[in-house]
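Peer 1: Below are the sequence and a predicted model for it; my questions follow.
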Amino acid sequence: MHLLKPDVALLRIRGLGKRYVGRDGTETQALQAIDLDIREGEFLAILGPSGCGKSTLLKILSGTMRASEGEIGLGGRRLTGPSREVGVVFQAPMLLPWLTVLQNVMVPVELQRRDRVQGEAAARELLARSGLAGFEHRYPSELSGGMQQRVGICRALVHDPALLLMDEPFGALDAMTREIMNEELQRLWQERRKTVLLVTHSIPEAVHLADRVAVMASRPGRIVEVVETGLPRPRTVEMHTTERFDALVGRLRAHFRRPGSSGAGMLDA
């Protein structure tokens, strides 16, 4: 479902902040003054060290956590809680072990009481496009980690959300499987052109996948630069050896190597 015209901001974040208050009354500012526009159909990555508030930001955008200040607009409407227009892919697939692959993908369809016939057709198509045709009636325990994460992505897309949030979805995978999943994600994005917000702590992954990369610093979490990658698509692994790719990685890495940087040494090279 497209809510706005192409090249128009689908998601607008203004002055977003999050504070936590400890049991002793001590206040911690986790996020501060986050301003960000994400265009419809754009693939944007948020890059930052562990503990900078990347996952907190995604929880707020998914509606599972309240912000302390600021506003979020999705498709021209204020976002104040969970929305059917938002799909989420978590760090772990979080599949229900007693359900089959197809039944797991169908969970949003069932919860939102959507048309079951249409929902199942969409689920089967997504599974087929993800290389999982023939696995519809298998259980999560019968799948590899990469296959489970593909099921999680299909589940997030089955109800055709306008915005897909991805919270370090490949962080637990081995390097080879992660590389394959990056290619699969890129292919799915090019086919469906969803607006994607990917949180990662991998610099090469951010450059490889995203149209723009927003760099976050911690204490408190804030955006310090947004970098346009400008790389042609489809992206290939061979691009990682090009001068342009190397320059982008170097520019982003510099944020975390400056003296006193709170993120130094906490990112994947």
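Peer 2: Ah, there it is. Bear in mind the structure is a predicted one, so any value in this text is a computation, not a measurement.
Peer 1: CA only for contacts and neighbour counts going forward, please
Peer 2: Noted.
Peer 1: Show me which positions of stretch 110-127 end up buried.
Peer 2: 119, 120, 122, 123, 124, 126, 127 (16 or more other CA atoms under 10 Å).
Peer 1: chain center to it: distance?
Peer 2: Centroid separation for stretch 110-127 versus its chain: 22 Å, with CA atoms, centre = their mean, to the nearest Å.
Peer 1: how close does residue 200 get to residue 240?
Peer 2: Going from residue 200 to residue 240 by CA to CA, to the nearest Å gives 17 Å.
Peer 1: Just want to know which of those two has more residues nearby.
Peer 2: residue 200 (26 against 15; other CA atoms under 10 Å).
Peer 1: Would you mind confirming that that one makes contact with residue 209?
Peer 2: No - using CA atoms under 8 Å, residue 200 is not in contact with residue 209, being 10.7 Å away.
Peer 1: and for these two, which residues touch both?
Peer 2: residue 45 (CA atoms under 8 Å, 6 or more residues apart in numbering).
Peer 1: neighbouring contacts of stretch 226-245?
Peer 2: Outside stretch 226-245, the residues that touch it by CA under 8 Å, 6+ apart are 186, 204, 207-215, 246, 248.
Peer 1: Which one of those residues is nearest to residue 78?
Peer 2: Distance to residue 78, by CA to CA, is smallest for residue 214 among those, at 22.3 Å.
Peer 1: which one is that closest one nearest to, not counting chain neighbours?
Peer 2: Take residue 214 and drop its neighbours on the chain: the residue closest to it by CA to CA, 6 or more residues apart in numbering is residue 226, 4.3 Å away.
Peer 1: How about residue 20?
Peer 2: residue 28 is the one closest to residue 20 (CA to CA, 6+ apart), at 5.1 Å.
Peer 1: give me every residue that touches the residue most central in space within the chain.
Peer 2: Nearest to the mean C-alpha position of the chain, by CA atoms, centre = their mean, lies residue 166 at 2.1 Å. By CA under 8 Å, 6+ apart, the contact set of residue 166 is 88, 89, 90, 91, 196, 197, 198, 199.
Peer 1: and the two most separated of these?
Peer 2: It's 91 and 196 that sit farthest apart of the contacts of residue 166, by CA to CA, at 15.2 Å.
Peer 1: who's more crowded, these two?
Peer 2: residue 196 (23 against 18).
Peer 1: Check whether that one sits in a helix, strand or coil.
Peer 2: strand (DSSP: H, G, I helix; E, B strand; the rest coil).
Peer 1: got it, and residue 187?
Peer 2: When classified by three-state DSSP, residue 187 comes out as helix.
Peer 1: tally of neighbours for it?
Peer 2: Neighbours of residue 187 (other CA under 10 Å): 16.
Peer 1: May I have the residues that are in contact with it?
Peer 2: By CA under 8 Å, 6+ apart, the contact list for residue 187 is empty.
Peer 1: quick one: it from residue 86, how far?
Peer 2: Computed with CA to CA, the distance linking residue 187 and residue 86 is 20 Å.
Peer 1: which helices and strands sit right next to the helix or strand harbouring residue 29?
Peer 2: Here residue 29 sits within strand 27-39, counting by DSSP states H and E. Packed against strand 27-39 by the contact rule (3 or more CA pairs under 8 Å, 6 or more residues apart in numbering; DSSP states H and E) you find strand 9-21, strand 222-228.
Peer 1: and residue 134, which of the ones you listed is closest to it?
Peer 2: Going by CA to CA, the one of the helices and strands packed on strand 27-39 nearest residue 134 is strand 9-21, 35.6 Å.
Peer 1: ok, the closest one: who's next to it in the sheet?
Peer 2: The strands beside strand 9-21 in its sheet (DSSP bridges) come out as strand 27-39 (antiparallel), strand 69-74 (antiparallel).
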